[in-house]
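Chemist: structure, please.
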Amino acid sequence: MRPNVEGGVGILIFGAALSVIAIIALIALWRLPSELAALRRSSQRTKTTLLAAERLGGIGTWSIDLQTREVFWSKRVFDIHRRDPAKGAPAIDAAISYYHPLDRDMVKRSVDMALAHGDDYEFTARIIRDDGVQKRVVSRGMCQKNVAGTVVAVFGIFIEADKVRSLEDVIRNAPESAGTPPAQRG
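Modeler: So this is what the prediction gives:
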């Protein structure tokens with residue numbers, strides 16, 4: 001009987017391919033901890049920058065996952081509403097109930113139009129905080145769509161309207177050269 005050389009060669013090639021795949025997998029696993037550490041550092045920098053921007057600009061961030069109906073509020077949004085963070089972010093309907101009764105329809109229409117068309121939106125309205133104080137706020141939102149074009153989430157910012165006006169005053173009263181790099185100033 002003659003041995004099947006072709007079958008042996010095939011087994012050798014298959015074994016070599018498995019060895020190469022195993023080596024690639026080991027290299028990937030070896031690099032994984034350092035890549036995860038870099039991702040953690042990057043994520044922490046992003047979080048720190050966002051928290052600083054919120055604090056310095058008086059801006060809060062929020063999001064709604066439309067699939068789970070989960071609402072996220074940043075610390076600043078809790079502060080603006082004077083809501084205890086231990087209570088967590090309110091459900092969507094409860095969040096809308098913070099708006100003044102005369103503003104709720106406009107808020108709902110703005111959000112519904114954005115969700116229907118996937119457009120960004122902005123409005124100014126009054127909220128009634130948990131301490132009973134009424135405040136004017138600006139809300140800006142943008143929709144996130146999946147690959148099919150369906151809106152799956154909404155992200156946005158929330159800022160007290162008087163803070164927007166004070167920022168506009170700062171910009172309006174800033175010297176002309178304030179936004180110009182030092183090398184280009186006269």
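Chemist: helix, strand or coil for residue 136?
Modeler: strand (DSSP: H, G, I helix; E, B strand; the rest coil).
Chemist: which residues are in contact with stretch 68-79?
Modeler: 50-51, 54-55, 58-65, 81, 83-85, 89-92, 95, 158 (Cβ atoms under 8 Å, 6 or more residues apart in numbering). All C-beta atoms are positioned from the backbone trio N, CA, C, and that covers glycine.
Chemist: now do the same end-to-end measure for it.
Modeler: The first residue of stretch 68-79 is 25 Å away from its last residue (Cα to Cα, to the nearest Å).
Chemist: buried set for it?
Modeler: For stretch 68-79, burial by neighbour count (16 or more other Cβ atoms under 10 Å) applies to 71, 73, 74, 76, 77, 78, 79.
Chemist: next: stretch 124-140.
Modeler: 125, 127, 128, 135, 137, 138, 139.
Chemist: how about the strands in this protein?
Modeler: 59-65, 70-73, 121-128, 134-145, 151-160 (DSSP state E).
Chemist: hang on, the earlier thing: now the two most distant members of the buried residues of stretch 124-140.
Modeler: 128 and 138 (16.2 Å; Cβ to Cβ).
Chemist: hey, what's residue 99 bridged with?
Modeler: residue 127 (DSSP bridges).
Chemist: output the strands of the chain as TSV; include the columns distance to residue 39 and mean pLDDT.
Modeler: What follows is the strands of the chain, written out as TSV (distance: least, Cβ to Cβ, whole Å; pLDDT from 0 to 100):
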stretch	distance to residue 39	mean pLDDT
strand 59-65	21	90
strand 70-73	21	92
strand 121-128	32	94
strand 134-145	21	92
strand 151-160	21	90
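Chemist: format these as TSV; extra columns: distance to residue 99.
Modeler: Putting those into TSV (distance: least, Cβ to Cβ, whole Å) gives the following:
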stretch	distance to residue 99
strand 59-65	14
strand 70-73	14
strand 121-128	5
strand 134-145	9
strand 151-160	12
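Chemist: circling back: for the buried residues of stretch 68-79, which one is nearest residue 19?
Modeler: Distances from residue 19 to the buried residues of stretch 68-79, taken by Cβ to Cβ, are shortest for residue 74, at 50.2 Å.
Chemist: nearest residue to that closest one in space, ignoring adjacent ones along the chain?
Modeler: residue 61 (4.4 Å; Cβ to Cβ, 6 or more residues apart in numbering).
Chemist: what about that neighbour, neighbour count?
Modeler: As a burial measure, residue 61 scores 18 neighbours (other Cβ atoms under 10 Å).
Chemist: what's the answer for residue 38, then?
Modeler: As a burial measure, residue 38 scores 10 neighbours (other Cβ under 10 Å).
Chemist: how far away is it from residue 24?
Modeler: Separation of residue 38 from residue 24 (Cβ to Cβ, to the nearest Å) stands at 20 Å.
Chemist: now do residue 102
Modeler: 64 Å.
Chemist: swap in residue 82?
Modeler: From residue 82 across to residue 24, the span is 55 Å (Cβ to Cβ).
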